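Participant: compute the structure for the input listed below.
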Amino acid sequence: MWFALALLSALFLGFYDVLRKYSLNGNAVLPVLLVSTFTSSLMLAPVLWASHAGLIDADSRVYVPPISGAMHLLLVAKAAIVLGSWIFVYYGLKHLPLSIVSPIRATAPIWTLAGALIIFAERPNGLQWAGLVVTFVFFYLFSTVGRREGINFGANRWVWSVVAGTLIGSASALFDKYIVAGAGIPRMAILTYYSFYQVLLLVPMLMVIWWPHRREQPFVWRWSVPCIGVVIIVADFVYYGAIDCDGALISLISPLRRSNAVVAFAMAALIFKERNMLRKGLCLLGIMAGIGLIVWGSL
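Facilitator: Okay, here's the model as predicted:
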């Protein structure tokens with residue numbers, strides 16, 4: 001069951017990437033992010049209210065328990081980290097083809113492993129080293145394919161924006177490990193409260209950064225924008241459901257979610273008619289193979 005739920009979460013994450021790309025085409029980034037995040041908060045608000053009103057049993061998987069002030073501060077930090085990752089990725093996704101962004105995002109487990117080496121003093125085994133080498137080789141080959149579309153990975157600021165967002169996202173994954181295992185914050189509390197804090201952090205950013213330039217960077221309403229918030233909540237809820245299953249292997253669940261890159265990549269070909277898909281696809285398969293070796297070495 002946990003394996004199936006992890007793949008289902010990856011499927012929703014693939015749709016999430018497609019919705020983001022469609023919503024951001026010719027649109028202002030911060031309003032898209034605010035509307036989608038606010039939609040997520042609206043979905044979770046009734047669950048929080050029902051939990052505090054005693055309408056949801058404390059043993060339910062959707063129950064949101066009260067948490068301490070220190071835990072709330074940790075979730076504010078998590079909201080800031082995730083928000084930083086999303087802002088970088090959103091700007092990159094607006095200006096780059098989805099078939100370029102998805103493989104870059106697929107390298108996230110590499111950076112999480114690197115962080116684990118530095119922070120938690122973990123040591124990779126032979127398979128994990130092989131996975132690192134394979135991933136970096138195919139990522140380099142992928143950068144050569146990007147040049148065919150006039151995208152120089154070393155000089156393109158939007159590529160670096162996606163890389164920065166991926167690195168910050170990897171930091172968020174390491175922080176998740178701490179707040180779940182170390183601080184003991186329940187998963188539904190994480191999902192609910194950090195969505196609220198993201199909205200609170202985004203509103204002043206929107207007023208300071210975007211509002212003075214709203215005429216040069218207009219926001220265009222599309223129904224896909226709130227759908228972003230709906231799909232990410234479903235993807236995260238299914239993900240936490242996978243973690244809660246008996247016998248679930250967390251070391252496999254997170255990389256399985258990264259298979260969303262395959263879904264997004266296929267949609268880039270079918271919906272957005274992007275170019276050089278065969279070459280990009282071969283590089284993506286190589287990157288995924290490298291991730292697979294890392295996962296195998298983690299078992």
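Participant: what sits against the residue most central in space within the chain?
Facilitator: When CA atoms, centre = their mean is applied to the chain, the residue found nearest the centroid is Gly169 (6.6 Å). Contact analysis of Gly169 by CB atoms under 8 Å, 6 or more residues apart in numbering lists 82, 85, 89, 105, 108. C-beta coordinates here come from the backbone N, C-alpha and C atoms, glycine included.
Participant: check contacts around the last one.
Facilitator: Under the criterion of CB under 8 Å, 6+ apart, the contact partners of Ala108 comprise 166, 169-170, 173, 258.
Participant: thinking again about what came up before, now, among the contacts of Gly169, which is nearest to Ala53?
Facilitator: Ala53 lies nearest to Val82 out of the contacts of Gly169, by CB to CB, at 27.9 Å.
Participant: quick one, phi/psi of the closest one?
Facilitator: phi -60, psi -40 (degrees, to the nearest 10).
Participant: and what of Phe88?
Facilitator: Dihedral angles (degrees, to the nearest 10) for Phe88: phi -60, psi -40.
Participant: tell me who's in contact with it.
Facilitator: 161-162, 164-165, 168.
Participant: any chance of a markdown table for those, columns neighbour count, pLDDT and secondary structure?
Facilitator: Formatted as a markdown table, those follow (neighbours: other CB atoms under 10 Å; pLDDT from 0 to 100; DSSP: H, G, I helix; E, B strand; the rest coil):
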| residue | neighbour count | pLDDT | secondary structure |
| --- | --- | --- | --- |
| Ser161 | 21 | 94 | helix |
| Val162 | 24 | 92 | helix |
| Ala164 | 18 | 92 | helix |
| Gly165 | 24 | 92 | helix |
| Ile168 | 20 | 89 | helix |
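Participant: closest one of the residues you listed to Gly182?
Facilitator: For those, the nearest to Gly182 is Ile168 (19.8 Å; CB to CB).
Participant: am I right that that closest one is in contact with Ala80?
Facilitator: No. Assessed by CB atoms under 8 Å, Ile168 is found out of contact with Ala80, at 9.9 Å.
Participant: what are the boundaries of the helices in the stretch 51-200 of the chain?
Facilitator: 69-95, 98-106, 108-119, 126-147, 157-177, 187-205 (DSSP state H, counting those that start in this stretch).
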